[in-house]
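J.: coords please:
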Amino acid sequence: MVFILLYYPSQPFTAVVIAVAIIYFPTLLVTDVCFLLQGVFMFTANDFLSMTDYFDFRSTDGETFFEVVSKNTTHCWKVVDMGAYYRLYHAHKYEDGYHIHGQFGLMLDCVLEIVEHDEWKIGLWRHKNIGRRKQPKTYFDKLIETYVRVPAYA
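T.: Numbering: from 1, shown residues only. You can find the predicted model right below:
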């Protein structure tokens with residue numbers, strides 16, 4: 001088994017992700033590794049800033065700090081780049097003060113957590129798996145289709 005050590009200073013966990021992928025999928029080709037990297041690094045701060053249909057941005061420095069209000073639930077969120085990970089803060093109202101909601105390896109994970117929380121709060125997830133009929137896609141589903149690409153192995 002061959003390990004390829006890839007290190008990106010802004011994303012130090014990348015080597016771990018690729019090493020785990022190689023362990024579980026030893027038939028990975030170089031093109032597959034590149035494809036995995038493409039999936040990992042597709043979502044950027046600019047993508048986050050472009051989500052004005054979903055968020056109102058209260059304040060941001062455009063790279064490491066984002067304070068947003070969800071238009072669906074009016075909950076407040078802060079995403080802070082801590083270097084090796086992102087810390088996500090949450091408040092039900094701006095006046096209530098923030099509490100830590102979680103820590104994530106990717107900015108996309110923070111955004112998915114916010115969207116999933118909103119969809120759960122407004123009740124979309126309650127009805128999503130009822131019955132065998134196909135449910136309409138949610139905003140969460142659309143984000144996954146757009147930004148998460150995993151190679152299929154036969």
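J.: show me where the chain has helices.
T.: Taking DSSP state H as the criterion, the chain carries its helices at 14-24, 30-40, 45-49, 107-121, 124-128, 139-147.
J.: and residue 102, how many neighbours does it have?
T.: Neighbour count for residue 102, taken as other Cβ atoms under 10 Å: 13. Any C-beta I mention is one placed from the backbone N, CA and C, and that applies to glycine too.
J.: leaving out sequence neighbours, find the closest residue to it.
T.: residue 88 (5.1 Å; Cβ to Cβ, 6 or more residues apart in numbering).
J.: pLDDT (mean, whole number) over stretch 78-91?
T.: What stretch 78-91 shows for mean pLDDT is 96.
J.: still on that earlier bit, the residue nearest to residue 102 against residue 111, yeah?
T.: No. Judged on Cβ atoms under 8 Å, residue 88 makes no contact with residue 111 at a distance of 9.4 Å.
J.: what touches both of these two?
T.: Shared contacts of residue 88 and residue 111 (Cβ atoms under 8 Å, 6 or more residues apart in numbering): residue 79.
J.: more neighbours: the two, which one.
T.: Neighbour count, other Cβ under 10 Å: between residue 88 and residue 111, residue 111 has more, with 26 against 22.
J.: wait, what's in contact with the closest residue to that one other than its chain neighbours?
T.: Using Cβ to Cβ, 6+ apart and skipping residues adjacent in sequence, the residue nearest residue 111 is residue 48, 6.3 Å away. Counting by Cβ under 8 Å, 6+ apart, residue 48 touches 66, 79, 107, 111.
J.: can you rerun that using 10 Å?
T.: Residues counted as contacts of residue 48 (Cβ atoms under 10 Å, 6 or more residues apart in numbering) are 54-55, 57, 60, 62, 66, 68, 79, 107-108, 110-111.
J.: how near is it to residue 137?
T.: Noted for residue 48: a distance of 21 Å to residue 137, by Cβ to Cβ, to the nearest Å.
J.: what is the nearest residue to residue 91 once chain neighbours are set aside paired to in the beta sheet?
T.: Excluding its sequence neighbours, the residue lying closest to residue 91 (Cβ to Cβ, 6+ apart) is residue 76, at 4.3 Å. For residue 76, the beta-bridge partners under DSSP bridges are residue 69, residue 91.
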